[in-house]
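# Sequence plus predicted model, see below.
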Amino acid sequence: MTDNKIIHKDNPDSLHYLGRIKKAKKGISSLTYENNQFINFGSIPLFYNDSHIVEVPQALRQIIHRIHLTELRIINQAPAVAIDQIYLLLSMFSGSCIRSIKGEGKGKYVSLSTKYLQTLFGKIKNKNVYLKILEVLQHHKILFLHKKYSVGRFNNVYYLHDRHLCGTYIHKMKSIIGKTLLSNLYTKKYEEAIENPISSHLMQSYQYITLPDKSTLEGIGKQLAKDKETTNKGKLYTWKGNKTRDHWKEPKRRAFIEDHIKAFELLTSKEHTQSGFMLPMPSGIRGGGRVVDSFTLCPSWIRKEIKIKKGKITELDFKCLHPNLAVNIYAPEKEKKNITHDIAAKYLEIDRGAAKNEHLSFFNKPVTFLKLYGQDYIPGMNNSPLWKYYQDNYPEMMKAISKDKKLYGYRITSQRLLQAETKIMTSIIKELNILSVPCIYVYDALYVQESKADQVRKIMNNTSRDMGILTTVKQP
């Protein structure tokens, strides 16, 4: 693997593209003649086998094509252009289908940045095109507003009805304007991915990945259900067979094997993603720059069955990373000491599993109980059993965290921890790139060949030590 190669599993001949895409400006690098006009398609990312397609929730297709011509002309005088623009906006909700199929209800909500939409769709007669699209979609009850824009807190947040989240459909752009918009969008995304060390290395790693087949996954999944295994969130693995989800009394407390396999196919099948894998994309500031790809979204039990260079993989992740990142960021020197779930559990005389579960969300909470819209509320850090442990052992750190949350909102701690996590993982992956070690990245964990595990564990531990983070990688 070298820095001038971009590889994906279906088109290894596209390696030359990295140099071209870096030089591309505003999506223009070559011209194609179509319908008596020249149009710039030369710099469309070759990661996509067909660069004129978008993926949208399948159930919306018939609804969209029933929209009257007069309404389409509100968006654009050419109905074909309006249809393409509608599909382009709705493609931002394709990830909602994956999360819905996996049973992640909150994952259906999508934050839409006004600035991003303005740049993507532009204006006609000084009116933002995206506003016209949203107006039509909301009128037809396709799109619903969940949260309204709040200065410094969040963008407008939208969602699709659950009945529209059953699968995805590939729409091929038909208009020149639609293709141009998509060309510019893909070019921008590709450039972002290439410039990001994690994304770039992942794209180089994909050529070495072998996926498990459906029959293998069905066998493993049935065994998980038979053994009454649970997910790390406590959901019971369940084989549906010829039953529906509603057959069970509390379906939200179950993880359905068939749904997980369907989600995996949507994430990795050439039929759905065109290239086989999603383009790995870095998140924004609030996401801490974490990269999202097919494997971060993949169900964890399926991820374990993937092979790298035809060999078995092993997971490497840090012990209690986020609490130790909090110590690194907020604690004074006298309070800088290692935190583990075991230490917290022993001090509080609670089960280790309870301590671990509380740590998953402890630093993401407001300091005290927070009332939200309607009857919703968020319990505070002081409602957690961990509160006593941190107040007793890290009082100055807790004061610093409380002050930070008061000044910048309660989510700031989570944002800072995610940024620190991404920083350490970026440093590690840069070294793996130099050593040509392919990997699968899942936020604060890496999956590598078993034969490379000791080498990568050493790199991770050295990086953590050099950055002053008081934790190490879990031992097998």
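Received it, and whenever you're ready, just let me know what you need.
# how many neighbours does residue 161 have?
Residue 161 has 14 neighbours, counted by other C-beta atoms under 10 Å. The C-beta positions use only the backbone N, C-alpha and C, and glycine is treated the same way.
# That one and residue 82: what is the separation?
22 Å (C-beta to C-beta, to the nearest Å).
# got it, and residue 198?
Taking C-beta to C-beta, one finds residue 198 at 37 Å from residue 82.
# now do residue 135
Between residue 135 and residue 82 the distance, using C-beta to C-beta, works out to 12 Å.
# Among the two, which residue is more densely surrounded?
Remark: of residue 135 and residue 82, residue 82 carries more neighbours, 26 against 14, as counted by other C-beta under 10 Å.
# wait, that one sits on residue 76?
Yes. If you go by C-beta atoms under 8 Å, residue 82 and residue 76 touch, sitting 4.3 Å apart.
# Residue 180: neighbour count?
For residue 180, the neighbour count with other C-beta under 10 Å is 16.
# Now do the strand or helix carrying it: which elements does it pack against?
Using DSSP states H and E, residue 180 maps to helix 176-195. In this structure, helix 176-195 packs against helix 17-23, strand 37-39, helix 79-90, helix 114-121, helix 197-205, strand 281-282, with contacts taken as 3 or more C-beta pairs under 8 Å, 6 or more residues apart in numbering; DSSP states H and E.
# From residue 58, how far off is the nearest residue to residue 59 once chain neighbours are set aside?
Excluding the flanking residues, the one nearest residue 59 by C-beta to C-beta, 6 or more residues apart in numbering is residue 164, at 4.3 Å. Relative to residue 58, residue 164 is positioned 8 Å away (C-beta to C-beta).
# Same question for residue 415.
Per C-beta to C-beta, residue 415 is found 34 Å from residue 58.
# swap in residue 366?
Computed as C-beta to C-beta, the residue 366 to residue 58 distance reads 38 Å.
# same check, this time on residue 358
Residue 358 is 39 Å from residue 58, where distance means C-beta to C-beta.
# Over to residue 328?
Here residue 328 is placed at a distance of 45 Å from residue 58 (C-beta to C-beta).
# now do residue 294
19 Å.
# Spatially central residue for this structure, please.
In the chain, the centroid-proximal residue (C-alpha atoms, centre = their mean) is residue 292; its distance is 3.7 Å.
# Tell me which residues touch the closest residue to residue 321 other than its chain neighbours, please.
In space, and not counting its chain neighbours, residue 321 is closest to residue 444: 5.1 Å by C-beta to C-beta, 6+ apart. Contact analysis of residue 444 by C-beta atoms under 8 Å, 6 or more residues apart in numbering lists 317, 318, 321, 322, 421, 425.
# can you rerun that using 6 Å?
Counting by C-beta atoms under 6 Å, 6 or more residues apart in numbering, residue 444 makes contact with 317, 321, 421.
# Roughly how far does it sit from residue 471?
10 Å.
# Now for the two: what residues contact both?
Contact criterion C-beta under 6 Å, 6+ apart; residues shared by residue 444 and residue 471: residue 321.
# in the stretch 101-250 of the chain, which segments are predicted with low confidence?
The model of the stretch 101-250 of the chain has pLDDT under 70 over residues 103-107, 125-126, 150-153.
# all strands of it, in order?
110-112, 123-124, 127-128, 144-147, 156-159, 168-172, 209-210, 236-238 (DSSP state E, counting those that start in this stretch).
# hmm, who's touching the longest helix along the chain?
Taking DSSP state H as the criterion, the chain has its longest helix at helix 412-434. With contacts defined as C-beta under 6 Å, 6+ apart, helix 412-434 is touched by 197-198, 201, 286, 288-290, 322, 325, 329, 363-364, 401, 404, 439, 444, 459-460, 463, 467.
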